[in-house]
Every structure is written in C-alpha cells, then in structure tokens.
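Visitor: Provided below for reference: sequence and predicted model.
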Amino acid sequence: MTLHESAVAALTDWKPESPAQESLRQAFLGFLAARPDTCQRSCEAGHLTASAVVLDSTGTQILLTLHPRVGRWLQLGGHCEPSDASLAEAALREATEESGMSGLVIGETPVHLDVHPITCSLGVPTRHFDVRYVVHAPPGAEPVRSEESDDLRWWPVDALPAGSEDLAELIAAAR
C-alpha cells in the first residue's frame, strides 16, 4: 500500500466528533481523490503533512517546539517522506526526530485536522493539510532540541504559552 492509499484509508476510517472536523475530513478526502501527489511536498497546490501532539506519560504536559520559520510554539511534525508507509508513521518519525526521545507511542487514528497557508520548503505559497495524531512519551523522557527548533519544552496542557491559544482545540481533541 502506498502512502497515498494509506492516507485515504486512515481518513476514510476516522470518524471525527465535531461537524467542523467532519467537513475538513471530507475536504481532505476530496483533495486526495483529485491528486495522486498530495502526500509529496512537491505538490504546489498543497500537500498532506503529519504532526504529533506529544504528551508526557501523565497526559498533563505537552511538548511544543518554537518553530524557527513561524516564530510560534507549535506541536511537532512536518512533511511526509517517500519512506513513510503511513501518516501515523510520518508523525511518529517527525516526533522522534524533533524531540530526540525514543520509546514514543502513537495512537492509531488521527485526532484532528487543520489546513493552513504557508510558504514552506517549496519557496512558494502553498497549503499544509495537516493530519494530527497523539503521541505519548515514556515516563521520565527528556526532549533534546534539534536543528529544526529554536526551543523545545514541556508546557502544562492548561497553561500554554502566549500566542498558542489556537492549539486549545487540538489539545482538547488529543486528551
């Protein structure tokens, strides 16, 4: 099964709880049906990305990265790679690379979707169709900042840093 086929299957099987998320799910499926290259970052019309809401072992803290391009605290994640067999695999790979932590465990199904305009590595305005998963860190896991982040730290899920209020819906879905 290709990454594209796996993405279609994951989004077909997922049943979101809110009407807004169901509407986005249908839009993602329509985009996937229209273009076979939607999982490739070279797709200038937009492309699927995978991100991870990394929670500590107690579920009370979330790991956020201070994204160097965006200048905001965000969940971990990024582009799919040709070697990724699924969106969940891409999200777990990104979480592991960006957190420096091993032993992360990912949920099987998405928890949230988002579409946002961005100028990413293509150098032209595009859209990220972000599929978001919950990832749990093992007890005592300590993150190590990578080159992809200006900062990386745990935040209480009920006390997010200023400017990240738009993550509240995502975190609620993850919990």
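Guide: Thanks, I have it.
Visitor: so where's this structure uncertain?
Guide: The model of the chain has pLDDT under 70 over residues 121-122.
Visitor: which residues in it form helices?
Guide: Listed in chain order, the helices of the chain (DSSP state H) span 3-13, 19-34, 87-99, 168-174.
Visitor: Please report the number of neighbouring residues for Gln75.
Guide: For Gln75, the count of nearby residues is 28 (other Cβ atoms under 10 Å). Any C-beta I mention is one placed from the backbone N, CA and C, and that applies to glycine too.
Visitor: no wait, Cys80
Guide: 25.
Visitor: Nearest residue to Ala174 in space, ignoring adjacent ones along the chain?
Guide: Excluding its sequence neighbours, the residue lying closest to Ala174 (Cβ to Cβ, 6 or more residues apart in numbering) is Val53, at 4.1 Å.
Visitor: The longest strand seen in the chain to helix 19-34, inter-axis angle?
Guide: Counting residues, the longest strand in the chain under DSSP state E turns out to be strand 125-136. With axes from the mean of the first three to the mean of the last three Cα atoms, to 10 degrees applied, the angle from strand 125-136 to helix 19-34 works out at 120 degrees.
Visitor: thinking again about what came up before, would you mind finding the most buried of the helices of the chain?
Guide: helix 87-99 (a mean of 23; mean count of other Cβ atoms under 10 Å).
Visitor: just checking, what packs against that one?
Guide: Using 3 or more Cβ pairs under 8 Å, 6 or more residues apart in numbering; DSSP states H and E, the elements in contact with helix 87-99 are helix 3-13, strand 47-55, strand 76-79, strand 105-106, strand 125-136.
Visitor: and the angle from that helix to helix 3-13?
Guide: Using the same axes, to 10 degrees, the inter-axis angle of helix 87-99 relative to helix 3-13 is 110 degrees.
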